[in-house]
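# return atomic coordinates for the entry below.
(chains A, B, C and D)
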There are 2 protein chains.
Amino acid sequence: MATIDDVAKRAGVSASTVSYALSGKRPISAETRRRVERAIKALDYRPHAGARALASSRTEVVGLLAPLRSGVDVNVIMQFVAGVVTGASERGYDVLLLTQDDRSNISRVASASMVDALVVMDIEADDPRLPALRALRQPVVLIGLPADPHGLTCIDLDFTSAGHVAARHLLERGHTRLALLGSPPEVVERHTTYAERMNHGFTAACAAAGAKALLQPTAATVAGANASVDAVLEQMPDVTGIVVHNEVALPHVLARLRWHGRAVPDDVSVVALCPENTAVSLPEPVTSVDLPAETIGRLAADMVITGIDGGQPLEVRLLSPTLTDRGSTRAVAPGEDPTP
Amino acid sequence: MATIDDVAKRAGVSASTVSYALSGKRPISAETRRRVERAIKALDYRPHAGARALASSRTEVVGLLAPLRSGVDVNVIMQFVAGVVTGASERGYDVLLLTQDDRSNISRVASASMVDALVVMDIEADDPRLPALRALRQPVVLIGLPADPHGLTCIDLDFTSAGHVAARHLLERGHTRLALLGSPPEVVERHTTYAERMNHGFTAACAAAGAKALLQPTAATVAGANASVDAVLEQMPDVTGIVVHNEVALPHVLARLRWHGRAVPDDVSVVALCPENTAVSLPEPVTSVDLPAETIGRLAADMVITGIDGGQPLEVRLLSPTLTDRGSTRAVAPGEDPTP
DNA sequence: TTGAAAGCGCTAACAT
DNA sequence: ATGTTAGCGCTTTCAA
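Predicted coordinates:
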């Protein structure tokens, strides 16, 4: 492996000149720059990451804490991860993937200076990792929103608002008996806040409109989807509006409704909360509130990298949800009884 | 951040003693070790990763090239990734995730000494990355099997054998008209070899038994699954055995068969090739050849890390498939016409 | 506009 | 069993 001294020698300059030519941190004459570049090419020189990290205290690596817990949707996780990797690489950063993100792992990579910054996913209301994260010297961005975000930067979809928007879309069309098929039970039990916020927004919107609301956690399996649909139809036989916040279950929910003889949207209107590609790749596209997972991941990387140079004030950033009508809902006429 | 000199000072020893106490590369008296450990604890000392990498030429990081290409099943990808991360962390290694794995990215991380080894996923028959990979000084393990694996270490499920096993399970039960609903068209077109090997094993087994075989690439969407089932039933209306090598499509294939009035296993026998958890979390569990993605990922990490110290001979390692009968197939009586 | 030189924090010969 | 010392390859002050 060629070193910076090899390059310097070959270009007939000093090592520091090569370094500055590479970093652009001081002016270099056109001629010198040319010779340095030729030498670099000729030797296929690449600065040693460790040496650079040692001298500059920067690794150009961001850590990504992405626990692979049960009940979380790998599909959505992957979109977040892809977004983070893309966003990071656009800024010249690589990503160290940590799936086992207990507190010791966090402080290990942080205090060994393996990463310049940290993006953390799957935040719980009272997440046990928060104290360790607040104590780091590296900037941190959470994808999610803990109960107490003080001292931390967070980005997420505004799930409360998403719950509102989904419910309101149905309420405004005259529906008065709504159900939310939500995240799997274990996700809810962990107090993963997106589930709680979604539930809350949905419930509040229904309450404000004087409509009945049913919350039904739903396992991310075919059986889970079937069971949840069955449960909803039993507890609220006259339901006319269903919100589905569960990407895996969604197609099976639709199938099960059909199986029960409930046509969408004639008998029951459906609004999903999921990434757009999911909503459009179903046999019948479904009206949905978009979960822009890749965008959020990309923004998280961007924010945290900006933070490395001290350019990022603490903030909580909640993206406003947008609903796209794809025809899986319909208006209920006043006085109409749409149940079969 | 405390340095090794701080620790040495506090423990009243030299820096090298601290280093050796940490690495165990030479004997340390019990008393000295005790004092070093106390100092480390007291100062919350963690060796600087960059400094260590510079001095020892080791990063304790393995790179994982996991392209997120269209058509690949994120679910399965994630299981591989999880396996690699788990296997690596068991040996004290972290994982640098690279999703944009063109040749320049590979040589960048390799020659910058950012990683000690590389695991590469989603291998095509004539993968353009192979020359770059063969040229690295770091050990490499491919998850997959290129047309010409010389000079490389590979691990994968023996998909040829898997195709055989799946077909034979049906052939031995008297089925003579079989279809394989396989990977998405774009995966096949890229010459991703698991798809080709699976097809080949399936076709060969059918040919050897004198049975008719139909290959049907299948998009990983509900619509794709429906279209493929429809196409198979049109081209081979008397099909009685179906192999599904497409995790996403699988539940929808089953639903579509039902929709066509073909009961499983009464009218049509089904064998899947997928991770076990997929096969068992369907409404009706399905007989399957297991795709042990997590295990393969873990083994890949293990092999490549072993290779760092020169302990890994080049080899191609293909895991033998195992079929688990879950009752989604049945025997056809001689002379019986099982088509509805 | 460029060069010389002092570290960055650690490992691993080489001594004792 | 432990200490001394010479780098590892780079960045960045200080000088010119």
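# show me the strands in chain A, by range?
With DSSP state E as the criterion, chain A has strands at A:61-65, A:94-98, A:117-120, A:140-143, A:153-157, A:177-182, A:212-217, A:241-244, A:269-274, A:287-290, A:316-319, A:323-324.
# out of these, deepest packed?
strand A:241-244 (a mean of 30; mean count of other Cβ atoms under 10 Å in any protein chain shown). C-betas here are computed from N, CA, C, even on glycine.
# send the alpha carbons of that strand over as PDB?
Presented in PDB, the C-alpha positions along strand A:241-244 are these (Å, rounded to 0.1, in the frame of the first residue of the first chain):
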ATOM      1  CA  GLY A 241     -64.000   2.500   8.200                       C
ATOM      2  CA  ILE A 242     -60.700   0.700   8.900                       C
ATOM      3  CA  VAL A 243     -57.300   2.200   9.300                       C
ATOM      4  CA  VAL A 244     -54.400  -0.300   8.900                       C
END
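# return the nearest residue of the stretch 51-200 of chain A with respect to chain B.
Nearest to chain B, among the residues of the stretch 51-200 of chain A, is residue A:53, at 3.0 Å (Cβ to the nearest Cβ).
# okay, that residue: pLDDT?
We have a pLDDT of 98 for residue A:53.
# which residues does it contact?
Contact analysis of residue A:53 by Cβ atoms under 8 Å, 6 or more residues apart in numbering or on different chains lists A:59, A:113, B:49, B:50, B:53.
# and the strands of chain A as a markdown table, adding distance to DNA strand D and mean pLDDT?
Listed next are the strands of chain A as a markdown table, based on distance: least, Cβ to the nearest atom of the strand, whole Å; pLDDT from 0 to 100:
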| stretch | distance to DNA strand D | mean pLDDT |
| --- | --- | --- |
| strand A:61-65 | 14 | 97 |
| strand A:94-98 | 15 | 97 |
| strand A:117-120 | 17 | 98 |
| strand A:140-143 | 22 | 98 |
| strand A:153-157 | 25 | 98 |
| strand A:177-182 | 49 | 98 |
| strand A:212-217 | 51 | 98 |
| strand A:241-244 | 50 | 98 |
| strand A:269-274 | 43 | 98 |
| strand A:287-290 | 41 | 98 |
| strand A:316-319 | 30 | 97 |
| strand A:323-324 | 46 | 98 |
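# relative to residue A:31, which of the ones you listed is closest?
strand A:94-98 (33.3 Å; Cβ to Cβ).
# quick one: the residue lying closest to residue A:245 once chain neighbours are set aside from chain B, how far?
Using Cβ to Cβ, 6 or more residues apart in numbering or on different chains and skipping the chain neighbours, the partner closest in space to residue A:245 is residue A:273 (4.2 Å). Residue A:273 sits 18 Å away from chain B, going by Cβ to the nearest Cβ, to the nearest Å.
# re the thing from before, got the strands of chain A as JSON lines, with distance to residue A:104 columns?
Formatted as JSON lines, the strands of chain A follow (distance: least, Cβ to Cβ, whole Å):
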{"stretch": "strand A:61-65", "distance to residue A:104": "12"}
{"stretch": "strand A:94-98", "distance to residue A:104": "11"}
{"stretch": "strand A:117-120", "distance to residue A:104": "14"}
{"stretch": "strand A:140-143", "distance to residue A:104": "16"}
{"stretch": "strand A:153-157", "distance to residue A:104": "23"}
{"stretch": "strand A:177-182", "distance to residue A:104": "32"}
{"stretch": "strand A:212-217", "distance to residue A:104": "31"}
{"stretch": "strand A:241-244", "distance to residue A:104": "38"}
{"stretch": "strand A:269-274", "distance to residue A:104": "35"}
{"stretch": "strand A:287-290", "distance to residue A:104": "37"}
{"stretch": "strand A:316-319", "distance to residue A:104": "27"}
{"stretch": "strand A:323-324", "distance to residue A:104": "42"}
